[in-house]
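S.K.: Return atomic coordinates for the entry below.
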Amino acid sequence: MKRVVFLSGKGGTGKTTLAAVFASRVEGLAIVDADVDAANLHLIFHPEIEETGAYSGSKVAVRDDDRCTSCGRCSKVCRFGAIDAEFAVDPLLCEGCGTCVTACPNDALRLVEQESGTWYVGRAARRPMIGAELHPGEEVSGKLVSVVKEKADDLAKRERIERIAIDGSPGIGCPVIASTTGTQAAVLVTEPSRSGLHDLERILGVVRHFDVPAYLVINKADLSELLAEEIEAFARREDLPMLGRIPYDERVIDALRVGRSPADDPASPAGRAMNEAVARLLETIG
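M.R.: Okay, the predicted model is just below:
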């Protein structure tokens, strides 16, 4: 099974759009939206949901009022200020570390699992699509990404699907690491800006740490020819293969606004460039 992940060191580079173009151009492929903090791939593919489920990845302390003697030990040991003056637990502040449970002499506190997000399995243009969404304020995005990938792998095995396209999260944190591990290729999408180059260096370091072959696409490349050339020079120094430059094109925004892939518009220069970049990627990785 071959997995391709689309990543960017920062948000707003066009990573999801390029992932959607790739997924729509390859037959026999499962689509995974692993950007669980801000899932939006469904806005292009409009999947028909077949199955959903809740994910519990975190715990919160709960007080037993009948056992509590208001001794105050729990409040003293809590480093997150989650226990107020009346020894009630604030679930929004509780990190689920369990220190208060250990400190309580009367077993008046216990840790219980709470729902952290939801996952789904559906179909989009006859292709399986798996995704999830983390609840606001939750901090287990990496774990939820792992659950989504496991469900995608199970479905791919059942339906004998050989390719999986993964839209990863921006940045270099836990969800990116969870999205990257076990993949055979990573497409890094950047833009011609100082922050774009800086974050490209960081995400390339993450990808290479896991020995995943990386490929580069510069989106909105014509906004700064100087910086685009600087990024290409960096790619040459790092032996990072270029898949292409994509020009800035307002037709992309028009297509996304109505939930379409910009690559379906033959009049769009950006759409044509995306198709060419995908073609080069397929030639390279098979």
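S.K.: Name the residues of the helix or strand T118 falls within that are buried.
M.R.: Element membership for T118 (DSSP states H and E) is strand 117-124. Within strand 117-124, the residues that count as buried by 16 or more other CB atoms under 10 Å are G117, T118, W119, Y120, V121, G122, A124. All C-beta spots, glycine's among them, are computed from the backbone N, C-alpha and C.
S.K.: Of those residues, just say which sits nearest to L227.
M.R.: Nearest to L227 out of these is A124 (CB to CB; 35.1 Å).
S.K.: Let me see the contact set for the residue lying closest to R245 once chain neighbours are set aside.
M.R.: Leaving aside its sequence neighbours, R245 sits nearest to A221 (CB to CB, 6 or more residues apart in numbering; 3.8 Å). For A221, the contacting residues are E191, P192, A228, R245, I246, P247, Y248, by CB atoms under 8 Å, 6 or more residues apart in numbering.
S.K.: Quick check, C78 in contact with G98.
M.R.: No. Using CB atoms under 8 Å, C78 is not in contact with G98; the gap is 10.7 Å.
S.K.: Neighbour count: these two, which is higher?
M.R.: Remark: of C78 and G98, C78 carries more neighbours, 20 against 13, as counted by other CB atoms under 10 Å.
S.K.: Do you have the strands of the protein handy? List them.
M.R.: Using DSSP state E, the strands found in the chain span residues 2-8, 29-33, 48-55, 58-63, 109-114, 117-124, 127-134, 163-170, 185-190, 214-219, 242-246.
S.K.: related to what we said a few turns ago, which ones among the contacts of A221 lie within helices?
M.R.: A228 (DSSP state H).
S.K.: Buried by neighbour count, from the contacts of A221: which ones?
M.R.: Looks like the contacts of A221 have E191, P192, A228, R245, I246, P247, Y248 buried, using 16+ other CB under 10 Å.
S.K.: In contact with the first one, which residues are there?
M.R.: Okay, so that is E191. Counted by CB under 8 Å, 6+ apart, E191 has contacts G12, T13, G14, I218, N219, K220, A221, L223.
S.K.: can you check the last one too?
M.R.: Y248 makes contact with K220, A221, D222, L223, A270 under the criterion CB under 8 Å, 6+ apart.
S.K.: ok, what's across the strand from A54?
M.R.: T118 (DSSP bridges).
S.K.: and it, how many residues sit next to it?
M.R.: Around A54 there are 11 residues (other CB under 10 Å).
S.K.: Wait, it touches T118, no?
M.R.: Yes. Counting by CB under 8 Å, A54 touches T118, with 5.7 Å between them.
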